[in-house]
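Enquirer: Turn this into a model:
(4 chains)
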There are 2 protein chains.
Amino acid sequence: MYRLLIVDDEIGIREVIKKYAVFEGYEVEEASDGMEVVRICKEKTFDLIIMDIMMPELDGFSACREIRRFCSTPVIMLSARGEEYDKIHGFELGIDDYVVKPFSPKELMMRIAAVIKRSQAQEPHPQKEILSFEGLKVDFTGRLVYVDGQKVDMSPKEYDLFFYLVKNRGIALTREKLISDVWGYDFFGDDRTLDTHIKLLRKSLGKYSRFIVTLRGVGYRFEE
Amino acid sequence: MYRLLIVDDEIGIREVIKKYAVFEGYEVEEASDGMEVVRICKEKTFDLIIMDIMMPELDGFSACREIRRFCSTPVIMLSARGEEYDKIHGFELGIDDYVVKPFSPKELMMRIAAVIKRSQAQEPHPQKEILSFEGLKVDFTGRLVYVDGQKVDMSPKEYDLFFYLVKNRGIALTREKLISDVWGYDFFGDDRTLDTHIKLLRKSLGKYSRFIVTLRGVGYRFEE
DNA sequence: AAAAATTGCGGGACTTTTGGGGCAAATTGT
DNA sequence: ACAATTTGCCCCAAAAGTCCCGCAATTTTT
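Expert: Below is the predicted model:
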C-alpha cells in the first residue's frame, strides 16, 4: 500500500486525482498549498507527492525545495501549459516527472506507478544473489562467473546453460529437458549441440569442470 | 593519485613545486593567475590548490573567494613575508594552510600531504553523493561526471543512461529494462537507439568506456 | 572381445548481435 | 523564426556466438 500526497489549490483537481488513485489502491492525503505540504511532510511520510506548481502562499517549486531539505520523497509536478521553462527548473530540484494540465487521469496513474516503481527499485540496493562452490562463484545478479576470483567470460548460451544447471544443482537433468528448457520447446536442432555447449562450458570452468557430471544415457547434473 | 593545481605568476616557482610534487607522485597542473584558476576550476577537479597571493589580474584571495562560490577544494596560500594581516584574512576565506616565501620545498610537500590527508578524512561530504571508479568520478548531486578530473559534458539522455547504469552497477541490465527505465514505459522506439546512446556514452567516457560492458544477447552492465 | 551406443572435442560455416558513421527529425536555446 | 544541439533511426561491416559435422574416446551391450 503506497501513500500519496496530492497538493493543489483547486479542490476539484484533488478530488479527481484522489478518486482514481484510491481506485488504484493508493492511500491518499491532500493539501491545498505549499506551506501545508511542507508542514505535513515533516510529520508524515509518503511514497510520492503530486503537486501543482501554481499555488497561493508557497508555489510548487519552492515547496519542493523546502521538502528536499529534509527528505527525498519523489515528486510529480502538475502545471498549466506554457510553463516550459519551469520544467527544466523543476527537474533540477529533483522532480521525478511532470504532467501538463489538462491531463488524462489514466496517464497520471501510469506515471505515478512508474515513478513509484523507479524509486522503490533504487531504494534498497538490490541484494545480490551469489552462490559459491569452492573456488567457483556465480553472481546471478551481475551475470558473472568467477573461477578462483578470476572473472570468466561466457557467451549467452553458455551462461544460460550454466545458470540452469546451477539453479537445478543436485538434480539429474535429461538432455531433452535441458534442450527444451534452455533452448526452448521449439528447438529442433541437432542433439550434439548440447554436447558442444557442455564442452565450452567445461572449458570455461577450468578445474571446476568436474562439477558438471555426465550421466550417460540420461543427461547432466551440477554437483552440489 | 591526487591532483594538484599550482598557481603562481612566476614560472620558476611553479617549476620547483611541480618537480617536487611529481616526484611525490602527484598529478600536477599549472596556472599563472587568478582568472585562469577560476576558469580551470570550473572545468576540472583538484584535490588541492597551491596558490600565490600576489598575482596580476586577479590576486589569490579574490580567486579563492570566486572558487569558493562553486567548490570547496582545499587551498594552500603562498605569500611574501610581511603579509601577516592577509594571513588571517585568508583563513576566513577557507584557506587551509599558509606558507611564507621563501619556503623549503620539503616543508611545502609536508604541508600538502597534511592538508590532503585532513580533507580526505572529512570528505565523505554528508550531503553529496559521489562515486569514484579509478579516474572516473560521478557526482549524482551535481549531475556531473569527471574523467581524470576533467569535466565531461553530456546530453540529458546520456546522463540519464549513465546514472542509471552506475546506480545499478554490477547488475546485468537487459535492453528492455534499460529502455523502459531510462526512456520510460511508453517508449516504443527502435531497439538500436540504445546502442547509439551507449556509443555516445562510451565516447564521452574515453578510456573508461570499458566500465560499460556489453552482455551479448542481454544488455549492458556497469562494472564495479 | 567385438559391436553398438553415447559422449568429447576440434574445426569451421553460418547466423545473430553489436559498434560506428551518417543523416534527418525533434527539441531546445537565442 | 533560426541556429545549435540532441535524439532516434538506418545501414553496413566486424565481431561474437551458435550449431553442425566428423571422428576419437569411452562406456555399455551382445
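Enquirer: Is there a neighbour count for A:Ile17? I'd like the number.
Expert: Other residues within reach of A:Ile17, judged by other CB atoms under 10 Å in any protein chain shown, total 24. Bear in mind the C-beta positions are built from the backbone N, C-alpha and C, glycine included.
Enquirer: Now for A:Gly206: which residues touch it?
Expert: A:Val147 (CB atoms under 8 Å, 6 or more residues apart in numbering or on different chains).
Enquirer: Give me the distance between it and B:Glu24.
Expert: 43 Å (CB to CB, to the nearest Å).
Enquirer: Residues of chain A that sit close to DNA strand C?
Expert: By CB under 7 Å from any atom of the strand, the residues of chain A that approach DNA strand C are A:84, A:88, A:175, A:192, A:195-196, A:198-199, A:202-203, A:214-219.
Enquirer: which one of these has the most neighbours?
Expert: Busiest of those [other CB under 10 Å] is A:Ile198, holding 21 neighbours.
Enquirer: Quick one: residues in contact with the host helix or strand of it.
Expert: A:Ile198 belongs to helix A:192-205 when elements are defined using DSSP states H and E. By CB under 8 Å, 6+ apart, the residues outside helix A:192-205 that reach it are A:136, A:145, A:147, A:152-155, A:157-158, A:161-162, A:175, A:178-179, A:183, A:209, A:211-212, A:214, A:220.
Enquirer: Report the mean confidence score over it.
Expert: Helix A:192-205 carries an average pLDDT of 92.
Enquirer: Briefly note if that helix comes near DNA strand D.
Expert: Yes: judged by CB under 7 Å from any atom of the strand, helix A:192-205 and DNA strand D are in contact via A:Arg192, A:Thr193, A:Thr196, A:His197.
Enquirer: Take those and write them to JSON lines, including distance to A:Pro105.
Expert: JSON lines is the format used below for these (distance: CB to CB, whole Å):
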{"residue": "A:Arg192", "distance to A:Pro105": "58"}
{"residue": "A:Thr193", "distance to A:Pro105": "52"}
{"residue": "A:Thr196", "distance to A:Pro105": "55"}
{"residue": "A:His197", "distance to A:Pro105": "51"}
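Enquirer: which of those residues lies closest to A:Ser79?
Expert: Closest approach between the residues of helix A:192-205 next to DNA strand D and A:Ser79, by CB to CB: A:His197, at 55.2 Å.
Enquirer: Could you measure from A:Lys106 over to DNA strand D?
Expert: 22 Å (CB to the nearest atom of the strand, to the nearest Å).
Enquirer: For that residue, what is the enclosing helix or strand?
Expert: helix A:105-122.
Enquirer: count of neighbours near A:Asp9?
Expert: Neighbourhood size, A:Asp9 [other CB under 10 Å]: 16.
Enquirer: In helices, which of the contacts of helix A:192-205 appear?
Expert: A:Lys157, A:Glu158, A:Leu161, A:Phe162, A:Arg175, A:Leu178 (DSSP state H).
Enquirer: A:Glu29: which of those residues is nearest?
Expert: Distances from A:Glu29 to these, taken by CB to CB, are shortest for A:Phe162, at 49.4 Å.
Enquirer: got the contact list for the closest one?
Expert: A:Val138, A:Val145, A:Met154, A:Leu201.
Enquirer: Now the two most distant members of those.
Expert: Every pair of those checked by CB to CB; the farthest is A:Val138 and A:Leu201, at 12.3 Å.
Enquirer: circling back to that earlier point, using PDB, write out every CA atom in the helix holding A:Lys106.
Expert: The C-alpha trace of helix A:105-122 is given here as PDB (Å, rounded to 0.1, in the frame of the first residue of the first chain):
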ATOM      1  CA  PRO A 105      -6.100  10.700 -15.100                       C
ATOM      2  CA  LYS A 106      -5.200   7.400 -16.800                       C
ATOM      3  CA  GLU A 107      -1.900   8.800 -17.900                       C
ATOM      4  CA  LEU A 108      -1.200  10.400 -14.500                       C
ATOM      5  CA  MET A 109      -1.900   7.000 -12.900                       C
ATOM      6  CA  MET A 110       0.600   5.300 -15.200                       C
ATOM      7  CA  ARG A 111       3.200   7.900 -14.400                       C
ATOM      8  CA  ILE A 112       2.600   7.600 -10.700                       C
ATOM      9  CA  ALA A 113       3.100   3.800 -11.000                       C
ATOM     10  CA  ALA A 114       6.300   4.400 -13.000                       C
ATOM     11  CA  VAL A 115       7.800   6.800 -10.600                       C
ATOM     12  CA  ILE A 116       7.000   4.700  -7.500                       C
ATOM     13  CA  LYS A 117       8.400   1.600  -9.200                       C
ATOM     14  CA  ARG A 118      11.500   3.500 -10.100                       C
ATOM     15  CA  SER A 119      12.100   4.900  -6.700                       C
ATOM     16  CA  GLN A 120      11.300   1.700  -5.000                       C
ATOM     17  CA  ALA A 121      13.700  -0.200  -7.200                       C
ATOM     18  CA  GLN A 122      16.500   2.200  -6.400                       C
END
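Enquirer: downstream neighbour of that helix in the secondary structure list?
Expert: Assigned by DSSP H and E, the successor of helix A:105-122 is strand A:130-133.
Enquirer: So for that following strand, mean pLDDT?
Expert: 85.
Enquirer: Make sure A:Arg221 is actually in contact with A:Arg175.
Expert: No: counting by CB atoms under 8 Å, A:Arg221 sits too far from A:Arg175 to count as a contact (11.8 Å).
Enquirer: about what we covered before: can you tell me which of the ones in helices among the contacts of helix A:192-205 lies nearest to DNA strand D?
Expert: A:Lys157 (3.0 Å; CB to the nearest atom of the strand).
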